[in-house]
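S.K.: Got a sequence here, can you model it:
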Amino acid sequence: MRYISTRGGIAPISFKDAVMMGLATDGGLLLPEVLPQISAQTLESWRRLKYQDLAYEVISLFSGDIPTADLRRLLANSYATFSHPDITPVAKHGDVYILELFHGPTLAFKDVALQFLGNLFEYFLQADNSGMNIIGATSGDTGSAAIYGVRGKERIKIFILHPHKRVSPIQELQMTTVLDDNVFNLAIKGSFDDGQAIVKEIFNNLAFKEKHHLGAVNSINWARILAQIVYYIYSYFRVCDREGEGPVDFAVPTGNFGDIFAGFLAKQLLTAKRIRRLVLATNENDILSRFVNQGNYATGNVSQTCSPSMDIQLASNFERYLYYLNNSDGERTRREMESFARSGTLKFEAAVRERVKDDFAAQRVTEAEIAATIKSFYRQNNYVLDPHTAVGVTAGIAHKGDIPMICLATAHPGKFGDVVGRAIGPQALPQALASLAGMETRCEVVAAESAVIMDIIARHDKP
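M.R.: Residues are numbered from 1 along each chain as shown. Have a look, this model is predicted:
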């Protein structure tokens with residue numbers, strides 16, 4: 001399997017090079033040259049596999065330069081940190097299925113990919129006897145999951161940017177209480193979009209990127225998307241075990257388009273006969289739902305909401321989907337993304353909008369609706385939703401048809417105790433979160449400027 005850029009400016013590269021490159025050197029995002037074709041017989045052989053073995057079967061289709069035994073070991077080590085034997089269990093609650101993606105060490109769905117990516121980085125760096133400086137921006141959960149994925153790894157330093165006082169207190173503590181020497185928490189005076197823009201700007205400085213061996217953990221890294229494909233396929237099989245063979249729908253709370261893009265790829269691998277529709281759910285930062293429903297991808301001001309991991313107005317993975325909308329035309333994708341960078345808007349013709357609606361339905365969910373869903377779902381099903389999951393469940397219930405609806409639960413509700421408490425009353429924290437109170441923290445508050453971040457990386461980039 002070889003990888004190309006959405007902007008068409010690089011020669012095809014290996015899986016290893018795609019993982020280590022992160023952002024393509026032409027400014028685009030990396031994708032496989034072609035998606036593998038999976039036979040019905042192969043799919044049937046996957047049906048009863050445990051999660052780690054299914055992950056091997058899916059990921060090995062895209063990672064041919066890792067020997068079988070090594071890949072199996074990497075996956076076993078990555079998911080040994082999860083507290084549930086099914087890794088991503090799925091169960092029915094009321095009229096919908098809940099796919100629980102929060103059983104990793106930081107209690108958020110990002111762990112599914114970032115535990116694997118941290119081990120993957122270490123594996124490649126050991127093989128090359130080299131080191132890496134990871135830089136990433138977070139709207140909440142990516143930062144802690146990335147930190148937990150690489151903390152203590154001697155060949156890696158990690159620099160995580162989060163918007164100062166715009167993540168939940170628990171999310172902040174999960175990052176800033178990690179005191180390993182290779183971890184640097186940077187609270188920028190700005191929004192997540194500011195942090196994401198800084199990361200992209202630094203990666204586009206090719207001389208700096210090469211000199212300091214930069215690596216990416218945001219969902220611009222293809223390995224993040226690849227690891228997330230697995231739980232769509234896994235949950236499809238688990239629901240079929242209960243409902244019988246047939247299509248399912250998924251409802252996905254998303255701000256950066258990464259999680260739902262993994263679902264889009266899973267749909268291509270399984271075919272529409274198995275995944276019928278992906279329901280894209282946004283909070284009041286609704287650039288993605290406006291794109292699906294109105295055909296207008298246009299930035300706006302970022303609003304602070306009770307689901308802060310989705311407070312995003314620049315979806316970094318949108319470019320990957322745009323490439324497919326452009327029928328794999330890298331040059332056209334480059335032109336459109338450069339135009340978007342200048343104008344802040346992309347508009348789509350009616351024919352393209354119809355193609356989008358073949359792939360997605362979409363809904364914007366308000367703050368009042370989030371609170372109402374947390375309250376009503378708890379009352380009806382005795383099940384607690386975090387606010388991000390409530391965004392997805394609200395949209396999932398609204399779009400529920402005559403086939404199973406699987407709603408992605410992207411974070412443990414304990415991470416957002418204030419929001420949940422206002423809706424249904426205080427809930428006990430899991431020990432992993434309760435133990436954070438009073439712990440020593442380390443964080444540097446800095447200006448939201450790429451030059452400042454580059455200086456910090458350069459100062460700490462020493463053997």
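S.K.: And the strands in the stretch 51-200 of the chain?
M.R.: 90-93, 96-100, 132-137, 156-163, 183-188 (DSSP state E, counting those that start in this stretch).
S.K.: What is the lengthiest helix in the chain packed up against?
M.R.: The longest helix of the chain (DSSP state H) is helix 222-243. Packing partners of helix 222-243 (3 or more CB pairs under 8 Å, 6 or more residues apart in numbering; DSSP states H and E): helix 15-21, helix 51-60, strand 90-93, strand 96-100, helix 110-128, strand 248-253, helix 258-270, strand 405-409. C-beta here means a position set from N, CA and C on the backbone, and glycine is covered the same way.
S.K.: out of these, which comes closest to residue 189?
M.R.: Comparison of the helices and strands packed on helix 222-243 against residue 189 by CB to CB identifies helix 110-128 as nearest, at 24.0 Å.
S.K.: helices or strands next to the closest one in the packing?
M.R.: By 3+ CB pairs under 8 Å, 6+ apart, helix 110-128 packs against helix 15-21, helix 68-79, strand 132-137, helix 141-150, strand 156-163, helix 222-243.
S.K.: Identify whichever of these lies nearest to residue 96.
M.R.: Going by CB to CB, the one of the helices and strands packed on helix 110-128 nearest residue 96 is helix 222-243, 10.5 Å.
S.K.: Okay, angle between the closest one and helix 110-128 too, please.
M.R.: With axes from the mean of the first three to the mean of the last three CA atoms, to 10 degrees as the basis, helix 222-243 and helix 110-128 are set at 140 degrees to each other.
S.K.: between helix 222-243 and strand 405-409, how many degrees?
M.R.: Counting by the same axes, to 10 degrees, helix 222-243 lies at 140 degrees to strand 405-409.
S.K.: my guess is residue 453 meets residue 184, correct?
M.R.: No. The criterion here is CB atoms under 8 Å, and residue 453 misses it with residue 184 at 10.0 Å.
S.K.: Kindly point out which residues are neighbours of both of these two.
M.R.: residue 159 (CB atoms under 8 Å, 6 or more residues apart in numbering).
S.K.: Mind putting the strands of the stretch 51-200 of the chain into JSON lines with distance to residue 203, mean neighbour count and mean pLDDT?
M.R.: Output for the strands of the stretch 51-200 of the chain, formatted as JSON lines (distance: least, CB to CB, whole Å; neighbours: other CB atoms under 10 Å; pLDDT from 0 to 100):
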{"stretch": "strand 90-93", "distance to residue 203": "36", "mean neighbour count": "17", "mean pLDDT": "98"}
{"stretch": "strand 96-100", "distance to residue 203": "32", "mean neighbour count": "23", "mean pLDDT": "98"}
{"stretch": "strand 132-137", "distance to residue 203": "8", "mean neighbour count": "26", "mean pLDDT": "94"}
{"stretch": "strand 156-163", "distance to residue 203": "12", "mean neighbour count": "24", "mean pLDDT": "96"}
{"stretch": "strand 183-188", "distance to residue 203": "16", "mean neighbour count": "23", "mean pLDDT": "97"}
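S.K.: Now render these as a markdown table, adding distance to residue 53.
M.R.: Below are those laid out as a markdown table (distance: least, CB to CB, whole Å):
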| stretch | distance to residue 53 |
| --- | --- |
| strand 90-93 | 17 |
| strand 96-100 | 18 |
| strand 132-137 | 29 |
| strand 156-163 | 28 |
| strand 183-188 | 32 |
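S.K.: before we move on, back to that, tell me which of the helices and strands packed on helix 222-243 lies nearest to residue 324.
M.R.: helix 258-270 (8.1 Å).
S.K.: Check which element follows that closest one along the chain.
M.R.: strand 275-282 (DSSP states H and E).
S.K.: Give me the sheet partners of that next one and which way each runs.
M.R.: strand 248-253 (parallel), strand 360-364 (parallel) (DSSP bridges).
S.K.: Would you mind getting the angle between it and helix 258-270?
M.R.: Using the same axes, to 10 degrees: strand 275-282 against helix 258-270 is 170 degrees.
S.K.: For strand 275-282, which outside residues touch it?
M.R.: Residues outside strand 275-282 that contact it (CB under 8 Å, 6+ apart): 232, 236, 247-255, 260, 263-264, 266-267, 288-289, 292, 310, 359-365, 391-392, 394-396, 399, 403, 405.
S.K.: among these, which ones are buried?
M.R.: 232, 236, 247-255, 260, 263-264, 266-267, 288-289, 292, 310, 359-365, 391-392, 394-396, 399, 405 (16 or more other CB atoms under 10 Å).
S.K.: hang on, the earlier thing: most tightly packed of the helices and strands packed on helix 110-128?
M.R.: Greatest average neighbour count among the helices and strands packed on helix 110-128 goes to helix 141-150 (a mean of 28), per mean count of other CB atoms under 10 Å.
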